[in-house]
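[1] Quick one: sequence plus predicted model below, questions after.
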Amino acid sequence: QQQVKQSPQSLIVQKGGISIINCAYENTAFDYFPWYQQFPGKGPALLIAIRPDVSEKKEGRFTISFNKSAKQFSLHIMDSQPGDSATYFCAASNSFNKFYFGSGTKLNVKP
Amino acid sequence: EAGVAQSPRYKIIEKRQSVAFWCNPISGHATLYWYQQILGQGPKLLIQFQNNGVVDDSQLPKDRFSAERLKGVDSTLKIQPAKLEDSAVYLCASSLQVSNTEAFFGQGTRLTVV
């Protein structure tokens, strides 16, 4: 059973556009929701994370929107740049720091 | 701050052979994870250690996979015997404490079983 469902599988955005990636979860025990960015040949690196006591968190061009009642959260990348081209994973963890990852979204930002 | 170190970076073995991966977490990180990432998929947790004790190994195929973390620092993950479907990237990660903290990942070991 997939704990975290992520969509879309791939995304093509023009430079300067907005990239939006969505995730949904079922387990209400999750209380930490990070987004990881992964470049080819590298391990995932934390991009931004949110806890369920807030509905939005913004860091630079990256924003997480969190809807606790719908059990959904999304990543918005504003003013997308070619350097943002990577695979993005959402994740959710519980109090034991056990992370469940989504299946990933491959983002391609066209110059 | 040095990151999570893993070796080797790449490994090619024949099926039924054995292989071992090594991980050195960030200094002071009590929690260590091994993940399996199959091409095109998200990382899947194999085993989680808190110091040198196992917190979760529910998804570790124990008939062929084993892992240890002696002295609560370095860790090794072993596969014996390997199967074709074990071809994947094996990622090691560590975090500072158990609850709600960032996991830092190493670059991974790409295993190809032929």
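    Sure thing, it's come through. Residues are numbered from 1 along each chain as shown, chains lettered A, B, ... in the order given.
[2] so what's the nearest residue to B:E68 once chain neighbours are set aside up against?
    Beyond its immediate neighbours in the sequence, the residue positioned closest to B:E68 (Cβ to Cβ, 6 or more residues apart in numbering or on different chains) is B:T76, lying 6.0 Å away. No exception for glycine: its C-beta is placed from N, CA and C like everyone else's. By Cβ atoms under 8 Å, 6 or more residues apart in numbering or on different chains, B:T76 lies in contact with B:20-23, B:67-68.
[3] Show me what from chain B comes close to chain A.
    Selection of chain B residues close to chain A by Cβ under 8 Å from any Cβ of the partner chain yields B:4, B:31, B:33, B:40-45, B:48, B:55-56, B:91, B:93, B:95, B:97-108.
[4] and the residues you listed, which are buried?
    By neighbour count, with 16 or more other Cβ atoms under 10 Å in any protein chain shown, the residues of chain B next to chain A hold B:4, B:31, B:33, B:42-45, B:48, B:55-56, B:91, B:93, B:95, B:100-108 as buried.
[5] dump the residue contacts of the nearest residue to A:L46 once chain neighbours are set aside.
    Counting by Cβ to Cβ, 6+ apart, A:L46 lies nearest to B:E102, which is 4.9 Å off, once chain neighbours are set aside. Contact partners of B:E102, counting by Cβ under 8 Å, 6+ apart, are A:34, A:46, A:49, B:95-96.
[6] go again using 10 Å as the cut-off
    For B:E102, the residues meeting the contact criterion (Cβ atoms under 10 Å, 6 or more residues apart in numbering or on different chains) are A:32, A:34, A:36, A:45-46, A:49, A:97, B:93-96.
[7] same question, B:G53
    B:69, B:72.
[8] beta partners of it?
    B:Q50 (DSSP bridges).
[9] how near is it to B:Q41?
    According to Cβ to Cβ, to the nearest Å, B:G53 stands 28 Å off from B:Q41.
[10] for chain A, what helix or strand is lowest in average pLDDT?
    Taking mean pLDDT, DSSP states H and E as the measure, the helices and strands of chain A show their lowest mean at strand A:99-101, namely a mean of 91.
[11] where exactly do the strands run in the chain?
    In the absence of a named chain, this looks at chain A. A:4-7, A:10-14, A:19-25, A:33-38, A:45-50, A:56-59, A:62-67, A:72-77, A:86-93, A:99-101, A:105-110 (DSSP state E).
[12] wait, I meant chain B there
    According to DSSP E, chain B carries its strands in the segments B:5-7, B:10-13, B:19-24, B:31-37, B:44-50, B:53-56, B:65-68, B:75-79, B:88-95, B:104-105, B:109-113.
[13] export these to JSON lines and tack on distance to A:K15 and mean pLDDT?
    Rendered in JSON lines, the data for the strands of chain B read as follows (distance: least, Cβ to Cβ, whole Å; pLDDT from 0 to 100):
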{"stretch": "strand B:5-7", "distance to A:K15": "34", "mean pLDDT": "97"}
{"stretch": "strand B:10-13", "distance to A:K15": "34", "mean pLDDT": "97"}
{"stretch": "strand B:19-24", "distance to A:K15": "38", "mean pLDDT": "97"}
{"stretch": "strand B:31-37", "distance to A:K15": "29", "mean pLDDT": "95"}
{"stretch": "strand B:44-50", "distance to A:K15": "33", "mean pLDDT": "94"}
{"stretch": "strand B:53-56", "distance to A:K15": "42", "mean pLDDT": "91"}
{"stretch": "strand B:65-68", "distance to A:K15": "43", "mean pLDDT": "97"}
{"stretch": "strand B:75-79", "distance to A:K15": "40", "mean pLDDT": "98"}
{"stretch": "strand B:88-95", "distance to A:K15": "29", "mean pLDDT": "95"}
{"stretch": "strand B:104-105", "distance to A:K15": "28", "mean pLDDT": "93"}
{"stretch": "strand B:109-113", "distance to A:K15": "31", "mean pLDDT": "97"}
